[in-house]
Each structure stands twice: as structure tokens, then as C-alpha cells.
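Colleague: just need the structure, nothing else, for what follows:
(2 chains)
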Number of protein chains: 2
Amino acid sequence: MARSTLYQLVASDLRRTIYSGALGPGDQLPTEAELMTTHQVSRNTVRLALGELVNEGLVTRTPRRGTVVRERRPLLMHPQRELQPRPERVRADGEYREAFAWAVSQEGRVPSQEIEVSIVEPPEEIASRLELADEELAVVRRRLRFVDGQPYNTNDSYFPLTLVAGSEIARPGDIVRGANKVLEELGHRQVRVVDDIWARMPNSAETERLQLQLGTPVVVYVRVGYDEEDTPVRVAMSVLPADKHLIRYELESR
Amino acid sequence: MARSTLYQLVASDLRRTIYSGALGPGDQLPTEAELMTTHQVSRNTVRLALGELVNEGLVTRTPRRGTVVRERRPLLMHPQRELQPRPERVRADGEYREAFAWAVSQEGRVPSQEIEVSIVEPPEEIASRLELADEELAVVRRRLRFVDGQPYNTNDSYFPLTLVAGSEIARPGDIVRGANKVLEELGHRQVRVVDDIWARMPNSAETERLQLQLGTPVVVYVRVGYDEEDTPVRVAMSVLPADKHLIRYELESR
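Modeller: Take a look at the predicted model:
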């Protein structure tokens, strides 16, 4: 990667001030003169840096009000796109990127995640969706996703253990080509999904894990994937802080 | 309609006790013997009435615990079905019924609604979706929907005034064949919709209008309908108390 130029360093510093919440929507950034002093750079460098933030939609600039932080748009999720022949999974830095990572990168922000893989007796609402027998086990891949280092949402995917034992899905770490591809290789391509969406207040574990502010509801988004024999092969449950996410479907009339 | 039989009257009475909240999830209903006394009916009549409630999924019966009120399932919404050739709009009592009314009736409950029609300068989030010019007006049809007489959700549909002035859409009262049908007759059939879903805490007007309990978030569901020229012709915004609604989409992989 090319070494960052000076204006990019200034932009990056200002971006951090906004993402950290130190400056919120409607707040004014320091004036050009102030930024020249604090960063020890020329007016031209300051203007280039502010131009970056304008392009990213983070701030607006007007002669009267100066540079002002914009309302943050929620992250736009397109659950339908994950079913298409993956136009959103482009090669980037030699890796496929999933829909979340793609949406975040599009906004000029940095996605990352932590993955924990374990074998569990899943909670009732998962077990019934996976049509598991009593005490039947599942592999769960729990993901905590970050944007610019801040916890953003969680995505826990459950698979019947009988289906995925011994496969990559049951092993720790990311699966670069995606768990759905592995399911396909195991003979369980998903041909149909059912998406359920509702909302509720978060529980205390979620509040802590997602560092939620008091009074922020969460949207719960559950996708059940069925193979050609109409057997449920995956249940993915996402917990999305309501202030940061927007789910969109596009449908055509017949 | 046939006159209700005795057991149906008893069932209806018990149903009211449950829907009113006098008996909540997990609560026990009176014993068979108690119901025989309070309703002055035979044990057989009591059993038939309780059987009705079991069939409706309102209660469970076990020898050990007796008859117990079940967790209330949220109302299942299928936004896709409104786009299909309306299998859900069946003739019933000589009237077409829309998706909400149909879903409610399926559960053996009684839907109703209040409609207010007015001409307004819509809020910014509606105006931008309708692509209205500054100060351009819209017709709004505001619906407050009830289940068994209790406020359940709201649905406000906005139409550009220039498009619908003089039509049934701009007049008070229900449109039996549906506003979408009227739009179609006006040459603006919707061929594509975009559904946005998010959640937030309700504002005080919503809390009052929907008689929400403290701490209940709402799901906001907005559908924008586009005609063949890709002009937005309708924006419908629903406010759905989160504890009472579940939104479902079914998708096929390509």
C-alpha cells in the first residue's frame, strides 16, 4: 500500500473524531485556521483533507456555517443480494468479501470481525427452525462485526452438526469462500430462504457485546436456508442496533 | 350468519378475557367445574368451548396444569403477497379484504380500521421518497388499525396530489377495491416497490395513538411504489409495535 500523504493523515484524524462521537451530527469542525495550527500543515492540505470528508458524505461545507458533521446514514443492508450470483463478492486484496464488508467499504469505512466456532445445543427458537430433534447438536459460527473498530452488529449462523461435522464449517476461523459454498459442496445448496424480521429491546449480554447506548432497540433478522429437499440447513440470526441499520428489499409486481 | 351455539358463546367470552389481557400468557383459566357454574352450562359445552381455544392456538391443555394461556404469537406480515394477483384479497361478506384484515381474520380475531384523508405538505422523509418539489402537496390516507377493538398499528399512505386530485384516493372513506387499483386506473400501475425496514423508539404521539406500553420499540416499514416510468406514485409508512408484529419475506436462489 502507498504511504499515506499528509492530507490523508489529517483526514483520517478528523474521521476518527467523527466516528468516535467526539463530534456528532450538526457539530462544527474547527476552522481551517485552527486545523492549520493544530496539525501544523498548510491551508491547502487542510482543504484537501476536508474535501475528502465531503466526498465521503461525512460533512457538509457552507460559507456561512463552515464545516458541519452530517446526520449519519444507517448502514443499508440488502438481504436479497446474498442470493444472487454474488456481484457483491468482489475480489479485493485477493479475498472475497461478504455483503457486510462490502457495504461498509463502500462508505469508506473499515470492516472487521471476530469469529467463534462452537458446538452447542441451540436455543429453542433456533432448534425449531432447524427442525432438530431433542438434544440434537448444532455448529454455531458466532460473528461480532466491527466498523472502524467499533462493535456494529452480530451474526450467529447455526448448522445441524450431522450435516457439517468434519467440514470447514465446524472448524475455527473465517471461510474465505463462504459457509454457503461449503454447504453446496456438501450437497446442500440453499435454493430457498425465509427471512423473518422483528425488533425488541436488547438483553444485557447484547448491550455489553455491542456497546449499546441505553434505550437503543435492536432489529432481529433471521434467515432460514432450505436445500433442494426442503430441509433447513442454516439458520443465521443477526442482531442489528436499530439506529445503525436499514434493511431494504426490492420487489417487482407480477 | 347462523346463530351462535352455546359453546361458541362461552368460547367468545373466554377469548375476550384473554385478548383484554385479564388473563396473560402462562395464566390458568378457571377449571371445567368453575366454568360450568359461572356459565351455567354442561361439562360437554365447556369442553367444546375450550377445544375451540386450543384449535386457535390461544391456550394449551395438560392434565397436570389445566388450561393455560399461550404466549401470544405476533401477527405475521407478508409484504410480498400484496404484489401478487391478490390471493389474499378474497371476497368475504361481499367485500374485498386487504392483507392486514385477512391475516387477523385467519387468527379468529376481528380487524377494523379508522381512515382519515387529508391534503398535506408531507414530512421531509416522505417528500424526498415521492420526489416532490418544494412545497408540493400530497394526499395522505392515514389508517389506524384495530384488532378486537384494540389499536394495533398505523399505516399512512401518501400520493402526489397532482396524480390523484379528483379521484377516490382524495376523498374520505375506505376504497373497497384498494388505492392501488385506483392508481392503476389513473394510468400509474405500480410495477416495482422498494421496502425499507428499520426500528426505533416511538414518539409520544405514537405511544398515545397505539396505546403502547413503556419501552416498546416500533418497527417502521416504508414501501415506495414506482410506476412503469419509474416515477414514485405511493409511499406507505407503517408503524408496527415490535412486540406484536413479525415481517416475513420468502426468496428463491437463482
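Colleague: distance of A:Pro25 relative to chain B?
Modeller: Per C-beta to the nearest C-beta, to the nearest Å, A:Pro25 is found 15 Å from chain B. All C-beta atoms are positioned from the backbone trio N, CA, C, and that covers glycine.
Colleague: which SS class is that residue?
Modeller: At A:Pro25 the chain is in coil, as set by DSSP: H, G, I helix; E, B strand; the rest coil.
Colleague: ok, it touching A:Glu71?
Modeller: Yes - using C-beta atoms under 8 Å, A:Pro25 is in contact with A:Glu71, at 4.7 Å.
Colleague: can you name the residues in contact with the helix or strand containing A:Leu240?
Modeller: Take DSSP states H and E as the rule and A:Leu240 turns out to sit in strand A:232-241. Contacts with strand A:232-241, where a contact means C-beta atoms under 8 Å, 6 or more residues apart in numbering or on different chains, come from A:77, A:122, A:126, A:129-131, A:152-160, A:163, A:179-180, A:183, A:188, A:190, A:202, A:206, A:210, A:212, A:216, A:218-227, A:247.
Colleague: in helices only, show me the residues you listed.
Modeller: If you go by DSSP state H, those have A:126, A:129, A:163, A:179-180, A:183, A:206 in helices.
Colleague: backbone dihedrals for A:Ala33, both of them.
Modeller: Phi and psi for A:Ala33, reported as degrees, to the nearest 10, are phi -60, psi -40.
Colleague: that one: neighbour count?
Modeller: Neighbourhood size, A:Ala33 [other C-beta atoms under 10 Å in any protein chain shown]: 10.
Colleague: got the contact list for it?
Modeller: Shown in contact with A:Ala33 (C-beta under 8 Å, 6+ apart): no residues.
Colleague: how about A:His188?
Modeller: Neighbouring residues of A:His188 by C-beta under 8 Å, 6+ apart: A:163, A:227, A:231, A:233.
Colleague: who does the strand holding A:Leu240 pair up with?
Modeller: Paired strands of strand A:232-241, with direction, are strand A:150-160 (antiparallel), strand A:218-226 (antiparallel) (DSSP bridges).
Colleague: give me whichever of these is most buried.
Modeller: strand A:218-226 (a mean of 23; mean count of other C-beta atoms under 10 Å in any protein chain shown).
Colleague: for the residue sitting nearest the centre point of chain A, helix, strand, or coil?
Modeller: Nearest to the geometric centre of chain A sits A:Phe100, at 4.1 Å (C-alpha atoms, centre = their mean). When classified by three-state DSSP, A:Phe100 comes out as helix.
Colleague: show me what contacts the closest residue to chain B within the stretch 1-150 of chain A?
Modeller: Chain B sits closest to A:Leu83 of the stretch 1-150 of chain A, with a gap of 4.8 Å, by C-beta to the nearest C-beta. Contact analysis of A:Leu83 by C-beta under 8 Å, 6+ apart lists A:193, B:251-254.
Colleague: which SSE is the residue in the stretch 51-200 of chain A that chain B sits nearest to in?
Modeller: As assessed by C-beta to the nearest C-beta, chain B sits closest to A:Ala199 within the stretch 51-200 of chain A, at 3.7 Å. Assigned by DSSP H and E, A:Ala199 belongs to strand A:192-200.
Colleague: report the strands that pair with that strand, each with its relative direction.
Modeller: For strand A:192-200, sheet partners with direction are given as strand A:218-226 (antiparallel), strand B:245-252 (antiparallel), following DSSP bridges.
Colleague: need these in CSV with distance to A:Gly173, can you?
Modeller: Below are the strands paired with strand A:192-200 laid out as CSV (distance: least, C-beta to C-beta, whole Å):
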stretch, distance to A:Gly173
strand A:218-226, 21
strand B:245-252, 29
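Colleague: okay, now the unreliable bits of the stretch 51-200 of chain A?
Modeller: A:55-57, A:72-73, A:84-98 (pLDDT under 70).
Colleague: for the stretch 51-200 of chain A, which segments count as strands?
Modeller: For the stretch 51-200 of chain A, applying DSSP state E, counting those that start in this stretch gives strands covering A:59-62, A:66-69, A:75-77, A:91-92, A:95-96, A:111-120, A:138-147, A:150-160, A:192-200.
Colleague: can you put those in TSV and add distance to B:Arg109?
Modeller: Formatted as TSV, those follow (distance: least, C-beta to C-beta, whole Å):
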stretch	distance to B:Arg109
strand A:59-62	49
strand A:66-69	47
strand A:75-77	32
strand A:91-92	51
strand A:95-96	47
strand A:111-120	37
strand A:138-147	35
strand A:150-160	33
strand A:192-200	19
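Colleague: measure A:Pro217 to A:Pro241 for me?
Modeller: Distance, A:Pro217 to A:Pro241, by C-beta to C-beta, to the nearest Å: 8 Å.
Colleague: contacting residues around A:Leu48?
Modeller: Shown in contact with A:Leu48 (C-beta under 8 Å, 6+ apart): A:7, A:11.
Colleague: which phi and psi does it have?
Modeller: When read as degrees, to the nearest 10, the backbone of A:Leu48 gives phi -60, psi -40.
Colleague: among the contacts of A:His188, who's most crowded?
Modeller: That'd be A:Val233 among these, by other C-beta under 10 Å, with 23 neighbours.
Colleague: which residue, other than its chain neighbours, is closest to that residue?
Modeller: Leaving aside its chain neighbours, A:Val233 sits nearest to A:His188 (4.5 Å; criterion: C-beta to C-beta, 6 or more residues apart in numbering or on different chains).
Colleague: got the contact list for A:Glu71?
Modeller: A:Glu71 makes contact with A:25-26, according to C-beta under 8 Å, 6+ apart.
Colleague: beta partners of the nearest residue to A:Gly24 once chain neighbours are set aside?
Modeller: Nearest residue to A:Gly24 in three dimensions, chain neighbours excluded: A:Val69, at 6.3 Å (C-beta to C-beta, 6+ apart). Assessed by DSSP bridges, A:Val69 has beta-bridge partners A:Val59.
Colleague: A:Val69 and B:Glu184: what is the separation?
Modeller: In this view, A:Val69 and B:Glu184 are 44 Å apart by C-beta to C-beta.
Colleague: on that earlier part again, need the strands paired with strand A:192-200 in a markdown table with mean pLDDT and distance to B:Ser12, can you?
Modeller: Below are the strands paired with strand A:192-200 laid out as a markdown table (pLDDT from 0 to 100; distance: least, C-beta to C-beta, whole Å):
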| stretch | mean pLDDT | distance to B:Ser12 |
| --- | --- | --- |
| strand A:218-226 | 95 | 34 |
| strand B:245-252 | 92 | 25 |
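Colleague: my guess is A:Asp174 contacts A:Val117, does it?
Modeller: No - look at A:Asp174 against A:Val117 with C-beta under 8 Å: they stay out of range, at 10.0 Å.
Colleague: so which of the contacts of A:His188 comes closest to chain B?
Modeller: Using C-beta to the nearest C-beta, the contacts of A:His188 come closest to chain B at A:Asp227, 10.2 Å.
Colleague: no more questions from me, cheers.
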